[in-house]
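In: The sequence isn't on hand, but the structure is:
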């Protein structure tokens, strides 16, 4: 009851004085319009300096626009400040005075805008490239990764690495929307043919909102994101990331352990109330090996081992390396293969036979086999499932150094002559091979966007089993990936162009 009348009286006093710019006294310097850069200066100090300048008759704009004549910053690095200013797309930027706080201080002391001297200027340290005689045509970037070519070369890792930290943090907190927002934005950046150097280059791109643009703005100005640094120093994030790096440990289990007060592997392994399942036991046992990257040479060596085992069982079987290695990557966290045969129904018993062969050879360290539940009569599935219904197995194999060209990607002190490697095998029927190959090749974001494109733009349902046209109420056959792209009306992208 006491506060409300005061607020009303203040508003009634101030309202007649408002004329577009909030200032308590008469403007003395109509030709000078200041903008104080809040970053580094801070909100409170900026508010204080704004009131100080207005009290002396200066116009201080709250928003940076083409009416501003003097930009004043404090403690800003020249490169980051000019990068940010270029991203604001000011038409009059060449004529704007970009000044250090010293000019502002001198002007406040004199009670008038002092002459701009060289010592006041924040010099542009970035060379300006000459403009091309012919304008560069505008290239529209699709919101769908399946309409963008994305190879393994990423020119914007400084941004995509930051986005991945944020996405993972939201994933740990089960905030799916924000997680996907950052992964979609990262996917767009990975497809760009050059590095982003100013904010204006991303403002018209799809999948970028206020939050993602704000992170890029920070990185352009300061070389890092304060929000990302805060996450990286957060105990929960670091613990969740550590625990989920173990084979067989998902976010829910990691969260449960964290809430129990566990913070390290030794905490888990010495806690009597923790009962690890076989997958987690194996994950801890071989952690040093399977947490280390797998090289392309190791993936090819495993391909030879699997191919030899498969052909000893079924001579007409087909073995295909999928995942990141099929997309041209040099390293990965595991190795994925599709194994199938033209003989109808034989694919259902193929993996158990391969597993027995690995046992006989003494290279099987762990096996989680899942029998096929695929039934063509259940197609199409109206709800996408993360795992398909084909027979599959998640293995850890012993890979010997003498099988790998150039040797193992192992620690220097490791003289065992072998390492443990995670290997996933999936065995679809031959008539589902193209769909399984497309799905298991990835990347995850590419597949997500491909399904979204099919559903929204073509009114079709796509998964690892089939492609269904809802308008025609028809399952569409495909023997190759190109057939699937053609059904969707998409230009075919080679596997190495799908690194979204």
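Out: The structure has been received and is ready for your questions. Being a predicted model, the structure only gives us computed values, none of them experimental.
In: Could you point out which residue ranges in this protein have low pLDDT?
Out: Per-residue confidence for the chain (pLDDT under 70) gives these ranges: 1-24, 124-139, 411-414.
In: Outline the domain layout of it.
Out: Recorded structural domains for the chain (assignment: automatic domain parsing) are 15-120, 145-232, 235-285, 294-487.
In: wait, which of those domains is closest to residue 497?
Out: domain 145-232 (4.4 Å; C-beta to C-beta). Just so you know, the C-beta spots here come from the backbone N, C-alpha and C atoms, and that holds for glycine as well.
In: End to end on that closest one, go ahead and measure it.
Out: 28 Å (C-alpha to C-alpha, to the nearest Å).
In: quick one on the thing from earlier: so which of the domains of the chain gets nearest residue 495?
Out: Judging the domains of the chain by C-beta to C-beta, what sits closest to residue 495 is domain 294-487, at 4.9 Å.
In: Show residues contacting stretch 114-124.
Out: The contact list for stretch 114-124, computed with C-beta atoms under 8 Å, 6 or more residues apart in numbering, reads 73, 76, 78, 81-82, 97-100, 102-103, 106-107.
In: Take those and lay them out in JSON lines including secondary structure.
Out: Shown next, in JSON lines, are those (DSSP: H, G, I helix; E, B strand; the rest coil):
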{"residue": "73", "secondary structure": "strand"}
{"residue": "76", "secondary structure": "coil"}
{"residue": "78", "secondary structure": "helix"}
{"residue": "81", "secondary structure": "helix"}
{"residue": "82", "secondary structure": "helix"}
{"residue": "97", "secondary structure": "strand"}
{"residue": "98", "secondary structure": "strand"}
{"residue": "99", "secondary structure": "strand"}
{"residue": "100", "secondary structure": "strand"}
{"residue": "102", "secondary structure": "helix"}
{"residue": "103", "secondary structure": "helix"}
{"residue": "106", "secondary structure": "helix"}
{"residue": "107", "secondary structure": "helix"}
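In: Filter these down to the buried ones.
Out: Neighbour counting over the contacts of stretch 114-124 (16 or more other C-beta atoms under 10 Å) leaves 73, 76, 78, 81-82, 97-100, 103, 106-107 as the buried ones.
In: Dump the domains of the chain into TSV; add distance to residue 499 as well.
Out: TSV is the format used below for the domains of the chain (distance: least, C-beta to C-beta, whole Å):
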stretch	distance to residue 499
domain 15-120	27
domain 145-232	5
domain 235-285	22
domain 294-487	5
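In: quick one: which of these is nearest residue 493?
Out: Nearest of those to residue 493, taken as C-beta to C-beta: domain 145-232 at 6.3 Å.
In: what about the nearest residue to residue 364 once chain neighbours are set aside, how many residues close to it?
Out: Counting by C-beta to C-beta, 6 or more residues apart in numbering, residue 364 lies nearest to residue 358, which is 4.0 Å off, once chain neighbours are set aside. Residues lying near residue 358 (other C-beta atoms under 10 Å) number 20.
In: isn't residue 358 right up against residue 398?
Out: No. Residue 358 lies out of contact with residue 398 (C-beta atoms under 8 Å); the separation is 9.1 Å.
In: can you give me the helices in the stretch 251-400 of the chain?
Out: Shown for the stretch 251-400 of the chain, the helices assigned by DSSP state H, counting those that start in this stretch span residues 251-259, 265-270, 278-285, 287-290, 296-313, 323-326, 347-361.
In: Most tightly packed of the ones you listed?
Out: helix 323-326 (a mean of 23; mean count of other C-beta atoms under 10 Å).
In: Please list the outside residues in contact with it.
Out: Residues outside helix 323-326 that contact it (C-beta under 8 Å, 6+ apart): 296, 299, 320, 332, 334-336, 440-443, 495, 499.
In: Quick check: of those, which lies closest to residue 487?
Out: Closest approach between those and residue 487, by C-beta to C-beta: residue 441, at 17.1 Å.
In: what about the closest one, distance to residue 103?
Out: According to C-beta to C-beta, to the nearest Å, residue 441 stands 58 Å off from residue 103.
In: got it, and residue 491?
Out: Going from residue 491 to residue 103 by C-beta to C-beta gives 55 Å.
In: just residue 243 next, same as before
Out: Noted for residue 243: a distance of 53 Å to residue 103, by C-beta to C-beta.
In: can you give me the helices for the stretch 401-500 of the chain?
Out: Counting by DSSP H, counting those that start in this stretch, the helices of the stretch 401-500 of the chain are 433-441, 444-457, 481-487.
In: what ranges do the strands span in the stretch 1-150 of the chain?
Out: Taking DSSP state E, counting those that start in this stretch as the criterion, the stretch 1-150 of the chain carries its strands at 33-36, 59-60, 70-73, 97-100.
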